[in-house]
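[1] Sequence plus the predicted model coming up.
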Amino acid sequence: MTTVETTVFSDGEKGGNPCPLIFDHGNLSTNQMLQITKYFGFESVFISESSMEDITYKFRYFVPNHEMEMCVHATIAGATFLAKHGLVKENKIQIETLLGIINIKLNQNINDSILVTVNQFPPEFVQNNPSKEEVAKCLNTNMENIDTTDFPIQSVSTSRPKLIVPIINDEQLHALKPNFNDLWALCTRYGTTGFYPFSLQTKNQNYDFEARQFPNNAGYNEDPATGVAACALGAYLTKYSKKNDLNNKGIIIGQGKAMNKPSKIMVKTSRINNVTTTEVSGYAGIFDEKDLPTSVYRN
């Protein structure tokens, strides 16, 4: 079996989020897909033919500990792979996921790179959220480093819920060293899939905001780039920002600095005639194909 190495949302040679890709996996069981993902230690995407009418491909997403309904960076990796191998001809495609049908746009640039835009869902703003004291304890930081003057602590979902936490500046953001057992327990208690603290002030002129993602018991502690969380943050900022009207404007989120994997995620929330749409855009690098030992996924 062949796997493809990809990296998504990279902001430089060493940045981005890795995503192993397995195409046309045939008769792999769910348990075998999980075994393969544990072997790699990263979110992985498995692409097969869809049984749905008018849908060609089905994407399944895994982290080392479980399957996920949606993963944006894996979707970007998969769509880029399909386009570069001539397996899709249109610039607008649909894929089947556990979450439902996802719409994707492909824009090929003159340098042969492909900007992939993944549509997400109208945002949902959860009303039952943890207190500042609970969150500060989990993040192992002082309460004054969490500034809720204009921005609340709130779980937001455009596909999967993420707890958005406003941190006073990027220094305090990158200094966070969470108590992960407490963080995972709080995520489970409040039904969110991870913490997404972001900086209210950043010194990096290439980003509008910086953030970090601590997923709930995924098999690793931190993500260098998270499209699902960045999209939720974009919807949150569009709703709560008092200084700027962010409706229908692209927002650039920087992530991964604390892991030495700088990443850049582009998000946009648009509200027109009481209909809200959200989307995430980024690039994927498609690298080597490697044979996977059968011992990795043998039942």
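    In hand now; what should we look at?

[2] can you list the weak-confidence ranges in the stretch 101-250 of the chain?
    Scanning the stretch 101-250 of the chain for pLDDT under 70 picks out nothing.

[3] all strands for it, in order.
    114-119, 124-125, 154-157, 161-167, 194-199, 209-211, 214-215 (DSSP state E, counting those that start in this stretch).

[4] Now mean neighbour count and distance to residue 81 too, for those strands, in CSV please.
    Placement of C-beta: from N, CA and C, glycine included. What follows is these, written out as CSV (neighbours: other Cβ atoms under 10 Å; distance: least, Cβ to Cβ, whole Å):
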stretch, mean neighbour count, distance to residue 81
strand 114-119, 20, 10
strand 124-125, 15, 30
strand 154-157, 23, 27
strand 161-167, 27, 26
strand 194-199, 26, 26
strand 209-211, 26, 26
strand 214-215, 26, 24
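
[5] Nearest to residue 11, out of the ones you listed?
    strand 209-211 (11.2 Å; Cβ to Cβ).

[6] Return the distance of that closest one from the chain's centre.
    Distance of strand 209-211 from the chain centroid (Cα atoms, centre = their mean, to the nearest Å) equals 14 Å.

[7] picking up where we left off before, how about the strands of the stretch 101-250 of the chain, which one is nearest residue 62?
    Going by Cβ to Cβ, the one of the strands of the stretch 101-250 of the chain nearest residue 62 is strand 214-215, 12.7 Å.

[8] Note down every partner strand of the closest one and its orientation.
    strand 194-199 (antiparallel) (DSSP bridges).

[9] didn't residue 222 look like it was pressed against residue 229?
    No: at 11.4 Å, residue 222 and residue 229 do not qualify as touching, with contact defined as Cβ atoms under 8 Å.

[10] what touches both of those two?
    residue 213 (Cβ atoms under 8 Å, 6 or more residues apart in numbering).

[11] okay, the two: which has more neighbours?
    Neighbour count, other Cβ atoms under 10 Å: between residue 222 and residue 229, residue 229 has more, with 34 against 20.

[12] That one and residue 127, how far apart?
    19 Å (Cβ to Cβ, to the nearest Å).

[13] How about the secondary structure of residue 252?
    Under DSSP: H, G, I helix; E, B strand; the rest coil, residue 252 falls in the strand class.

[14] Identify the residues contacting it.
    Contacts for residue 252 (Cβ under 8 Å, 6+ apart) come out as 206-209, 264-266.

[15] most surrounded residue in these?
    Busiest of these [other Cβ under 10 Å] is residue 265, holding 30 neighbours.

[16] Fine by me, we can end here.
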